[in-house]
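# Any chance you can model this:
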Amino acid sequence: MSDKFTHRYANINRFVFKYGWIEVGFDEYSQSFIRALDPGGLVWEGKQFYDSLDEAMADLERGLAQWMKEFMESSSE
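Predicted structure coming up:
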């Protein structure tokens with residue numbers, strides 16, 4: 001990935017290289033436009049519609065930041 005993407009979306013970058021994958025777009029299984037999954041299933045799901053792909057990626061970045069914070073806290077217990 002480019003350094004610009006890695007810098008702007010550090011949580012997405014970390015997630016896809018360490019934990020799981022992301023899906024962008026519509027399919028018959030989900031109501032959301034963007035989502036993050038790991039081998040256990042869905043870890044984060046965005047809204048159904050966004051004004052732009054950049055807005056969707058920014059929402060995913062925030063969502064994964066929160067997910068990783070909670071994941072790290074539960075892993076240290």
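# where exactly do the strands run in the protein?
Remark: strands assigned in the chain by DSSP state E are 21-24, 34-38, 41-45.
# Let's test this: mean pLDDT of the shortest one, rounded?
If I follow you right, that is strand 21-24. Average pLDDT, strand 21-24: 98.
# Quick check: residue 5 vs residue 54, distance?
12 Å (C-beta to C-beta, to the nearest Å). To be clear about C-beta, it is placed using only N, CA and C from the backbone, and glycine gets the same treatment.
# Repeat that for residue 73.
Distance of residue 73 to residue 54, computed by C-beta to C-beta: 29 Å.
# Can you tell me which of the strands of the chain is packed in deepest?
Most buried of these, by mean neighbour count (mean count of other C-beta atoms under 10 Å): strand 34-38, with a mean of 19.
# count of residues packed around residue 15?
26 (other C-beta atoms under 10 Å).
# pretty sure it is in contact with residue 9, am I right?
No - in this structure residue 15 lies outside contact range of residue 9 using C-beta atoms under 8 Å: 9.4 Å.
# any chance you could map the helices in the chain?
3-8, 10-18, 53-75 (DSSP state H).
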